[in-house]
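**Q** Quick one: sequence plus predicted model below, questions after.
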Amino acid sequence: MSTPAPLTAVRALAVLASGALFGFGLALSTMVQPEVVLGFLRFSDYGLALVMGGAVVVTLIAYKLIPLKLKAPLLGGYFHWHVSHWNRDTLVGAAVFGIGWGLCGVCPGPAIAGLGTGNWSLLWALGGIALGAGAQGLLARAPAPSSPSR
Amino acid sequence: MNVLSQTLFPFGWQHYLAGGLMIGAGVSLLFVLTGLVGGMSSVFSSTWSFFSRQPYFQQARFLDTRQWRLVYALGLVLGAAAWWLIFSDGTPGNTQVPVWALLVGGFLVGYGARLGNGCTSGHGICGLGSLQWPSLLAVLTFMATAFLTANLVAWSLS
């Protein structure tokens, strides 16, 4: 495991710009509106499938092609690769996540981005997510000293 | 074709596709410039490392990423604000979802996403984008429970 590249001003700007594109896309696609997400989950509007599909296709191409064309990221460091595992935690976690998502129509990205559209009600969801993440960490088994990165 | 499109997408489909492509572009830009993988739910655990001495939060994977993850989250807010300022009619976003549902639903979202190591962007976009079948199973699992919950809630309120 290489040491992570420090967050220089240029890297921070790159991260900020990438996040801004992501956030603009979330707002443009109205995913920051819980009602639209709930409309998808209740089979009245299939837009979320287009959002997810579009995002996955672009990401798939980028993740495949970029490491073939470049030895390292343009601003240094290395290409990270997160390995997903299928185990009980993934199953239970995903199931619980879905129950919460189906209840409120808000997931982590839109909870954050939605604040940019002046929707302060989303602070309730944001607070809930922060508390949930905190509870998960407090209840988690102590990590192994060199647990794999995700 | 038009009838089908209006049935599936009563509010039109172009903005969904364009928004999705932009989300993918954001994740791709992050990767090509910095090599980082941009799921969103980790920021909620990594930010706790500033406040909690709990060994779980003091892992290197949170300490080493907590700065850029917060900057990334700030970018999300700024990007959405740019859309709001430029393209909306200026009405602040709002929701009819009751506060209790936002709070309780949010709690389950935060707990579940971190236990399952990913959310709609972590498993749904980055995981599927790197063709990892555990992420596909995670997506199918949370889609199934979300469909069930959303429809049960709608049915119980009607």
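**A** In hand now; what should we look at?
**Q** do the helix or strand harbouring A:Gly39 and chain B meet?
**A** Following DSSP states H and E, one finds A:Gly39 within helix A:34-41. Yes. Applying Cβ under 8 Å from any Cβ of the partner chain, one finds helix A:34-41 touching chain B at A:34-36, A:38, A:41. Bear in mind the C-beta positions are built from the backbone N, C-alpha and C, glycine included.
**Q** Counting neighbours, which bits of that helix end up buried?
**A** When burial is assessed from 16 or more other Cβ atoms under 10 Å in any protein chain shown, helix A:34-41 yields the following buried residues: A:34, A:36-41.
**Q** out of those residues, which one sits closest to chain B?
**A** A:Leu41 (3.6 Å; Cβ to the nearest Cβ).
**Q** which residues touch the closest one?
**A** A:101-102, A:105, B:146-147, B:149-151 (Cβ atoms under 8 Å, 6 or more residues apart in numbering or on different chains).
**Q** helices or strands up against the host helix or strand of B:Phe147?
**A** Using DSSP H and E, B:Phe147 maps to helix B:133-157. When contacts are defined as 3 or more Cβ pairs under 8 Å, 6 or more residues apart in numbering or on different chains; DSSP states H and E, helix B:133-157 packs onto helix A:34-41, helix A:88-104, helix B:128-129.
**Q** The contacts of A:Leu41, buried ones only, as a ChimeraX selection?
**A** To isolate the buried members of these in ChimeraX, using 16+ other Cβ under 10 Å:
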select /A:101,102,105 /B:146,147,149,150
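**Q** Just the helices from chain A, written as ranges.
**A** In chain A, the helices defined using DSSP state H lie at A:9-28, A:34-41, A:47-69, A:88-104, A:108-113, A:122-139.
**Q** center of chain A, which residue is that?
**A** Geometric centre of chain A, nearest residue: A:Gly109, 5.6 Å, by Cα atoms, centre = their mean.
**Q** pretty sure that one contacts A:Gly25?
**A** No. Counting by Cβ atoms under 8 Å, A:Gly25 is not a contact partner of A:Gly109; they are 9.5 Å apart.
**Q** picking up where we left off before, which one of the helices and strands packed on helix B:133-157 lies nearest to A:Val10?
**A** Closest of the helices and strands packed on helix B:133-157 to A:Val10 is helix B:128-129, at 24.9 Å (criterion: Cβ to Cβ).
**Q** Mind giving me the packing neighbours of the closest one?
**A** Partner elements for helix B:128-129 (3+ Cβ pairs under 8 Å, 6+ apart): helix A:47-69, helix B:133-157.
**Q** Looking at it now, give me its mean pLDDT.
**A** For helix B:128-129, mean pLDDT rounds to 96.
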